[in-house]
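# Mind looking at a prediction? Sequence and model below.
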Amino acid sequence: MNATRAEVCIAACSDAWRDSGEVLAHAVGTVPAISARLARLTHSPELVLSDGECHFMADPPPLGKTAAAGGTVEAWAPFSRIFDILGTGRRHSMMGASQIDRFGNQNISLIGDWRKPKRQLIGMRGAPGNTVNHRTDYWVSRHSSRVFVDRVDVVSGVGNDRARAHPSSALRFHHLGVVVTDLAVLDYDEDGRLKVRSLHPGVTADQVRENTGFDLDFGEAGESRLPDERELELIRTVLDPQNARDREVRS
Amino acid sequence: MGGKSMTLSDVPKHVRSGMTVGIGGWGSRRKPMAMVRELLRSDVTDLTLVTFGGPEVGLLCAAGKVRRVIYGFVSLDTIPLDPHFRAARENGRIEATEYDEGMFVAALRAGANRLSFLPTRAGLESDVLLMNPHLRTVASPYDDEVYVAVPAVRPDVSLLHLNRSDELGNGQFLGPDPYFDDLFAMASDRTLLSVEKVVPTAELTATERSTSLLVSRMFVNGVLEAPNGAHFTSCDPDYGRDEAFQRHYAQSAQDEHSWREFRDTFLTGDEAGYHEAVRAFHRTTEKESA
């Protein structure tokens, strides 16, 4: 079976949940949501999934639906409890990024000057708190130099340079994992800078270079793995039979 | 403890210009829209809104009633951002206190506890501190950690919408999530509660578990019955979000002409007139799609 680009992205995101343990998977976006479910059904059965509202699901409802549409509820966690869970650190986020810089500073708040933004985006949401409380990964469905910028307009999710410069030990839980895009998987070097871990099959280093607004190290870049037969079967028949994944990732 | 029964037309007596107003619900879910529409009909202005914001923020901004919004986000859920709020931000017409969501909760918890601030890790090293120059950090007296000292927010009045209550203000949620309505009530000097249905006290727990009793009358100053009072936001299990109408709201906000038409159709009459216009809207769109 030939895997699509979206399916390669899902496998890469699924690997990000590996070894997270018995924690709440907070997944924003179609590919991250599918990937958390895939991880749960394959290598990480201990992962805790939410219906995106107030239930944790032993058996999740159809993609994009809440517990009202089916599945098996295993816990009740209204929004107020989510903030408490976040504080305990038993959570792992995979969020989007409107902008991200070489140290993983992420912006989802606004474009332009914060006093009078050129474009108001969704706001800080939970990014500042997520990044200083537990592991955070990013998912970028369109890898471009408008997203991977030299300087983010404001910092929502805290990057490695800022976390390391912080003078107290209050940022001891700061942990950026990977950035998965439609072209590549990036992680961070010893200095906390983004580097290329793997290019998706069919993607060239030049393609990634042209679509990134800062220099990247390709020295250790391998090729992203393909999803195996079982993963493809799960993605196509169980997790996303409506093929929502192809609406998020161009092939 | 009695005498809390009120009508929509009483709302502007409690919400006066310049006040800080807490709004319950979350995004486009269980918002006290009937009371918000009453504010739109009044001459109240210069409000500071405190909210996990939904369409109430856009509507009040579009009507020029807002000076500042203190928010964790402003979203219509199925539409990522309220278009009027976006426009108000981009035109610089309102002041914004944009917090991380957890910081926003800390501000309300501090308010409810009558503390001047509560410490959070959230916000450290992010530009929430740049965008909110009033924020200070605080050093732990026990170790070397430093936290953001989120200042308390205490609304002068909060507006909540729940499924049911008695006439004394014991409020009940029957949906899946209480959101932060109980916290808003405790953090505010006064709270007005609208509900789908006012029932005798004994009826509240006749068929529902007592754990659904979210807000005690201690924290409620006015009660009114407003069926469909959260429209077009959701009020599960009484009704879901009116997605068709919400799309119409968001599309109408795109230009001045269509917004004037929306306002003239839905927002110039009284509450009964609003719901009649919404029914007419659905009759027309159903005919068009038939």
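Ah, there it is.
# Tell me which stretches of the stretch 1-150 of chain B form strands.
B:20-23, B:47-53, B:66-74, B:95-98, B:117-120, B:136-139, B:146-151 (DSSP state E, counting those that start in this stretch).
# Check whether the first one comes near chain A.
No: when contact is scored as Cβ under 8 Å from any Cβ of the partner chain, no part of strand B:20-23 falls within range of chain A; the minimum is 15.0 Å. Just so you know, the C-beta spots here come from the backbone N, C-alpha and C atoms, and that holds for glycine as well.
# tell me the contacts of the residue of chain A found nearest chain B?
For chain A, the residue closest to chain B is A:G129, as judged by Cβ to the nearest Cβ, at 3.1 Å. For A:G129, the contacting residues are A:F83, A:L86, B:D100, B:E101, B:G102, B:M103, B:T120, B:R121, B:A122, B:G123, by Cβ atoms under 8 Å, 6 or more residues apart in numbering or on different chains.
# Can you say which helix or strand has it in it?
helix A:127-133 (DSSP states H and E).
# now the residue of chain A closest to chain B, nearest residue through space, not along the chain?
Take A:G129 and drop its neighbours on the chain: the residue closest to it by Cβ to Cβ, 6 or more residues apart in numbering or on different chains is B:A122, 3.1 Å away.
# tell me the contacts of the one you found?
Contacts of B:A122 by Cβ under 8 Å, 6+ apart are A:G126, A:P128, A:G129, A:V132, A:N133, B:D100, B:G102, B:M103, B:A106, B:V148.
# Report the contact partners of the closest residue to A:R162 other than its chain neighbours.
Leaving aside its chain neighbours, A:R162 sits nearest to B:E125 (4.2 Å; criterion: Cβ to Cβ, 6+ apart). Shown in contact with B:E125 (Cβ under 8 Å, 6+ apart): A:V132, A:V155, A:V158, A:R162, A:A163, A:A165, A:H166, A:L171.
# number of nearby residues for the closest residue to B:S9 other than its chain neighbours?
Of all residues not flanking B:S9 in the chain, B:E38 sits nearest, at 7.0 Å (Cβ to Cβ, 6+ apart). B:E38: 24 surrounding residues under other Cβ atoms under 10 Å in any protein chain shown.
# Model confidence score at the residue in the stretch 1-150 of chain B that chain A sits nearest to, please.
Distances between the stretch 1-150 of chain B and chain A by Cβ to the nearest Cβ are smallest at B:A122, namely 3.1 Å. If you check B:A122, the pLDDT there is 98.
# distance of it from B:L81?
To B:L81, B:A122 is 22 Å away according to Cβ to Cβ, to the nearest Å.
# How about A:A165?
Distance from A:A165 to B:L81, by Cβ to Cβ: 32 Å.
# Mind checking which of those two has more residues around it?
Higher neighbour count among A:A165 and B:L81: B:L81, with 20 against 9, using other Cβ under 10 Å.
# Can you get me a residue count around the closest residue to chain A within the stretch 151-290 of chain B?
Proximity of the stretch 151-290 of chain B to chain A (Cβ to the nearest Cβ) peaks at B:D177, 4.3 Å away. Look at B:D177: counted by other Cβ under 10 Å, it has 21 neighbours.
# quick one: what helix or strand has it in it?
Secondary structure from DSSP H and E places B:D177 outside every helix and strand.
# my guess is it contacts A:G52, does it?
No: B:D177 lies out of contact with A:G52 (Cβ atoms under 8 Å); the separation is 11.5 Å.
# quick one, what contacts the residue lying closest to B:R114 once chain neighbours are set aside?
Counting by Cβ to Cβ, 6+ apart, B:R114 lies nearest to B:A152, which is 7.7 Å off, once chain neighbours are set aside. Going by Cβ under 8 Å, 6+ apart, B:A152 touches B:A107, B:A110, B:G111, B:N113, B:R114, B:L115, B:S116, B:F117, B:L118, B:A187.
# Kindly reformat those residues as TSV containing neighbour count.
Shown next, in TSV, are those (neighbours: other Cβ atoms under 10 Å in any protein chain shown):
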residue	neighbour count
B:A107	24
B:A110	22
B:G111	25
B:N113	12
B:R114	9
B:L115	12
B:S116	10
B:F117	17
B:L118	21
B:A187	25
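# With distance to B:L130 added, can I get the strands of the stretch 1-150 of chain B in CSV?
Formatted as CSV, these follow (distance: least, Cβ to Cβ, whole Å):
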stretch, distance to B:L130
strand B:20-23, 24
strand B:47-53, 21
strand B:66-74, 17
strand B:95-98, 11
strand B:117-120, 17
strand B:136-139, 13
strand B:146-151, 12
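# How about the residues of the stretch 101-250 of chain A by chain B?
A:109-110, A:114-129, A:131-133, A:154-158, A:162-163, A:165-171, A:173.
# Can you say which of those are buried?
A:109-110, A:114, A:117, A:120-129, A:131-133, A:154-158, A:162-163, A:166, A:170-171 (16 or more other Cβ atoms under 10 Å in any protein chain shown).
# quick one: buried residues of the longest helix anywhere in chain B?
Assignment by DSSP state H gives helix B:271-289 as the longest helix of chain B. Neighbour counts over helix B:271-289 (16+ other Cβ under 10 Å) mark B:E271, B:Y274, B:H275, B:A277, B:V278, B:F281 as buried.
# need the helices for chain A, in chain order.
A:5-16, A:30-41, A:79-88, A:127-133, A:160-165, A:205-210, A:229-233, A:245-248.
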